[in-house]
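Visitor: What follows is a predicted structure for the sequence shown.
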Amino acid sequence: MLGRNKTGAKAPDQTTQGGEAAPKAAPSRRSLLVAAGAGGLGIAAGALGHAALGAEASSGAQVEDIVPFHGQHQAGIATPMQDRMHIAAFDVTVEGRDELVALLKDWTAAIEHLMKGADVGEFGATGGNYDAPPEDTGEAIGLPASHLSVTVGFGRTLFEDSRGPRFGLQGRIPAALIDLPHFPGDALEEARSGGDLVIQACADDPQVAVHAIRNLARIGFGRARVRWSQIGFGRTSSTSTSQMTPRNLFGFKDGTANLKAEEQKALDTHVWVGGNTGNEAWMNGGTYLVARRIRMHIETWDRTSLGEQETIFGRTKREGAPLSGGTEFSEPDFAMPGRGGPIMPVDSHVALAHPSANGGVQMLRRGFNYTDGSDGLGRLDAGLFFIAFVIDPRTHYVPMQNAMAKNDALVEYLKHTGSGLFAVPPGIAQGQFLGQSLFS
Ligand SMILES: C=CC1=C(C)c2cc3[nH]c(cc4nc(cc5[nH]c(cc1n2)c(C)c5CCC(=O)O)C(CCC(=O)O)=C4C)c(C)c3C=C
Ligand SMILES: [Fe+2]
C-alpha cells in the first residue's frame, strides 16, 4: 500500500523496507479513503491508480469534489470560488526555451494529478523507492480533491527583463502585460512583488492548497525559485450566484456586485481575451491576473463608528445594501440626495468602483482575506489579497486603481504592499501543457 488510511494505521500490504519491492503506481488520495471506508480494508489501492479515479468519478462518489482540469479556460477563474488559497510567484532560474517548456510540462502533469486528488508523480507519497525521497510530500494523503484548482500565469519578466530575452519569447509579449504604474500611496515591497510565473492554488481545504504549491515548488527546484507566496484563509468574493457573499476583515460583505460565472456575455466582454491575431493569438481564451497584497489597518478601523464605516463603503454593514436603499443586490442610486450631498458619497468605495464611474468596465474579483501574524508593534498584519481577472489591465484595472488611490475614503485604512500582473494563458486539452500556445 502506498499511503496511510484515514486512521493513519499502516495498511497490511505496506511495501517492504529497503526498496526491494517494485514501486507501485500512485493512487488517488480519495481511493485510499474509499478503500478504508469500505470495511476498513486497506486494499491494494496502489494498484488502482487512475483507473480507480475514473471509476470513482463515474460512480459519482467523489466527482463533486473535482474541478475539471481541461477546458477552454484555466480553472480557478470563473469556476466557483473556494475558501482557501495559496499563491506563489516564481522566478525561473534556468535559461533556454527547452528547459522552460520542460518545467511547464512537469507542472502540467503534476497539476492534473493534484486536481484529481491524486498524489504527484508516478509513485506518489509512499509507492516509490524506500531509499529515495518520495515524489509526493504526503500531507494530503487521505484528503479529497477539495475542489482544488491550479491556475498558471506568466509575468512580463518571463518575456524580457534586465537579463534580456532568456527564452526566445521577445515579440510575444502581449501589449496588455504592462509594468503596472506606481499608484499614489503604494508601499510595495520588492520581495512581495513581480515574478516570472505565478501559480494560484485554491481549494476548500487549506492543506490541499498548500500541498499543491509545495509540491509544484519542489518539482521546480533548481529551475524556478519562489519569489513570494501568500496564503489566504477566506474568500472575499463570490464567483457564482449559488454562493453566499462572504465578508472581508472590515466586516463588510464583499463580492456582491462581482462578475459571476453565470454571466457568460459579461465574462466575454470583461475577462476572456478573444479575437487576438498574430503574436498575441496565444492569449485567446486567457485573461490577466492582477494581484495586490493590501494590508488593512484593522485596529484603526475598529475604532471607527458604524456610520463612518458604512459611509466609506457606501453600503450597510449587516445587509450589504447600498445606502440609497433596497437589499444587497439592489442597484445603487448615485443621484439620490442625502445630507449635504448624494446619499452614496462620491468618495465612497462603491461610488468609485462602480462601472458607471469607470466607463462600464467590470472585473472578476477573486481575492482572499489573509493574516500573517502581527507586526511586532502589536498590530495585526492582515488584509485582503486582492486578485482580479480582467481582459486588459490598461482599461480594466489601472484607471480604477488610480481613481481609488486618489479619492477613495477607504484608502486611509489601506496599504498596498505587494503587486503582480500576469498573463494567464487559455485552458488546454488532454495531451497539451499549460502555456503551450505561447510556444507554438
Ligand atoms: C481596483 C480595484 C479594487 C480594489 C483594489 C479594491 C479593494 C478593496 N475592496 C474592498 C471592499 C469592497 N469592495 C467592494 C466593491 C468593489 N470593489 C471593486 C474594486 C476594487 N476593490 C469593485 C469593482 C467593486 C464593485 C463595485 C460595484 O460594481 O458596485 C465592496 C462592496 C460589495 C461588492 O460589490 O463587492 C466592498 C465591501 C476592500 C476591503 C478592499 C481593499 C482592502
Ligand atoms: Fe473593492
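Guide: Thanks, I have the structure now. Ligands and ions are numbered 1, 2, ... in the order given.

Visitor: which secondary structure element contains Ser242?
Guide: Using DSSP states H and E, Ser242 is not contained in any helix or strand.

Visitor: so what's the closest residue to it other than its chain neighbours up against?
Guide: Spatially, and ignoring its direct neighbours in sequence, Ser242 is nearest to Pro80 (7.1 Å; CB to CB, 6 or more residues apart in numbering). (Each C-beta comes from the backbone N, C-alpha and C, glycine too.) Pro80 makes contact with 147, 239-240, 242-243, 261 under the criterion CB atoms under 8 Å, 6 or more residues apart in numbering.

Visitor: ok, now Leu177?
Guide: 154-156, 159, 288, 421-423.

Visitor: Next: Glu160.
Guide: Shown in contact with Glu160 (CB under 8 Å, 6+ apart): 169-170, 173.

Visitor: run the last query once more with 10 Å
Guide: The contact partners of Glu160, taken as CB atoms under 10 Å, 6 or more residues apart in numbering, are 166-167, 169-173.

Visitor: Going through those, which ones are buried?
Guide: Buried members of the contacts of Glu160, scored by 16 or more other CB atoms under 10 Å, are 166-167, 169, 172-173.

Visitor: Which of these sits closest to ligand 1?
Guide: Ranked by distance to ligand 1 (CB to the nearest ligand atom), the buried ones among the contacts of Glu160 are led by Ile173 at 23.1 Å.

Visitor: mind pulling up the phi and psi values for the residue nearest to Ser242?
Guide: Pro80 adopts backbone torsions of phi -50, psi 140, taken as degrees, to the nearest 10.

Visitor: go on, Gly418?
Guide: phi -150, psi 160.

Visitor: for Ala357, same thing?
Guide: The phi/psi pair for Ala357 (degrees, to the nearest 10) is phi -100, psi 0.

Visitor: And stretch 398-416, end to end?
Guide: 14 Å (CA to CA, to the nearest Å).

Visitor: do whatever helix or strand Trp228 lives in and ligand 1 meet?
Guide: Using DSSP H and E, Trp228 falls within strand 224-232. No - figure legend: strand 224-232 not in contact with ligand 1 (CB under 6 Å from any ligand atom); closest approach 12.4 Å.

Visitor: Give me the distance from the helix or strand following that strand to the chain's centre.
Guide: Following strand 224-232 in sequence order, the next helix or strand is strand 234-235 (DSSP H and E). Chain-centre distance of strand 234-235: 11 Å, with CA atoms, centre = their mean, to the nearest Å.

Visitor: got the contact list for Phe329?
Guide: So Phe329 contacts 241, 245, 256-257, 320-322 (CB under 10 Å, 6+ apart).

Visitor: And Phe90, by the same measure?
Guide: Counting by CB under 10 Å, 6+ apart, Phe90 touches 103, 107, 152, 155, 158, 195-199, 216-217, 220, 223-229.

Visitor: Tell me how far the nearest residue to Ala403 once chain neighbours are set aside lies from Pro399.
Guide: Spatial nearest neighbour of Ala403, chain neighbours left out: Leu352 (5.4 Å); criterion: CB to CB, 6+ apart. Using CB to CB, to the nearest Å, Leu352 is found at 11 Å from Pro399.
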